[in-house]
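J.: output the structure for:
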Amino acid sequence: MIDDAHRGGAGPDNLRPTPDPDALAPSETHPVGPMAEPETSPWNLPNALTAFRILLVPIFAWMLLAHPEQPWWRFSTAVIFSVAILTDTLDGYLARKHNIITRFGKLADPIADKALTGMAFIGLSIIGELPWWVTVTILVREWGITLLRFVVLRYGVMAAGRGGKVKTVTQAIAVILYLLPLPGPAHVVAMIVMAVAWIITMATGLDYIREALRLRRRARASE
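T.: As a prediction, the model looks like this:
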């Protein structure tokens with residue numbers, strides 16, 4: 001025989017008073033959306049490495065321009081540049097591994113990179129070891145693409161491709177070879193690597209321009 005409680009009759013369970021909606025917890029009556037995550041503190045190791053790299057730029061510039069003819073100074077200058085480049089690789093690795101994204105890092109990291117490599121190219125041209133047209137074209141490409149990224153943000157984000165990473169590595173190797181006090185025949189190797197870095201820099205710059213045009217066309221087509 002089925003009892004009254006299971007038939008929906010006036011059993012004890014059915015005599016319970018209906019809960020007052022106003023007495024329920026806010027989360028039960030008025031669902032709350034996800035809370036915005038607080039901004040990550042800028043006081044972290046990746047940002048410290050970025051700040052350290054920025055501090056190395058004037059030191060690197062002084063060492064290169066003040067003693068361009070002294071082998072030991074040139075070797076020390078190459079070491080300083082190499083350390084700065086390694087901090088760039090390390091802070092990016094740590095930021096990705098620990099998901100440390102801050103406004104300071106977004107702003108300061110590209111500035112530190114452009115300041116370091118830009119000073120290297122300008123310094124090498126000032127001391128007469130790198131033609132000015134190489135420096136000017138590379139800097140126009142670097143800062144031009146950075147500006148282009150901001151311009152096309154209304155259409156989409158241009159992600160950094162593998163070509164950009166190859167460009168960065170090749171530029172760093174070329175600069176280090178130029179900074180080292182290499183003998184005449186070995187300096188030819190530095191010139192070849194710099195030529196390759198220049199070609200890759202220009203080619204990847206054209207790729208970014210084509211990508212920006214594609215983003216613009218797609219955005220306008222979807223309007």
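
J.: where do the helices of the protein begin and end?
T.: In the chain, the helices defined using DSSP state H lie at 4-7, 26-29, 45-66, 71-97, 103-126, 132-151, 162-179, 184-221.

J.: can I get these in CSV with mean pLDDT and mean neighbour count?
T.: To be clear about C-beta, it is placed using only N, CA and C from the backbone, and glycine gets the same treatment. Conversion of the helices of the chain to CSV gives the following (pLDDT from 0 to 100; neighbours: other Cβ atoms under 10 Å):
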stretch, mean pLDDT, mean neighbour count
helix 4-7, 43, 10
helix 26-29, 43, 9
helix 45-66, 93, 18
helix 71-97, 90, 17
helix 103-126, 89, 18
helix 132-151, 92, 15
helix 162-179, 92, 19
helix 184-221, 92, 15
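
J.: wait, residue 170 sits on residue 193?
T.: Yes. Contact between residue 170 and residue 193 holds when scored by Cβ atoms under 8 Å: they sit 6.9 Å apart.

J.: residue 179 versus residue 72, what's the distance?
T.: Residue 72 sits 12 Å away from residue 179, taking Cβ to Cβ, to the nearest Å as the criterion.

J.: to clarify, my last question referred to residue 162.
T.: Separation of residue 162 from residue 179 (Cβ to Cβ) stands at 26 Å.

J.: same question for residue 81.
T.: Taking Cβ to Cβ as the criterion, residue 81 is separated from residue 179 by 6 Å.

J.: quickly list what's touching both of these two.
T.: With contacts taken as Cβ atoms under 8 Å, 6 or more residues apart in numbering, the residues that reach both residue 81 and residue 179 are residue 120.

J.: perfect, I'm done here.
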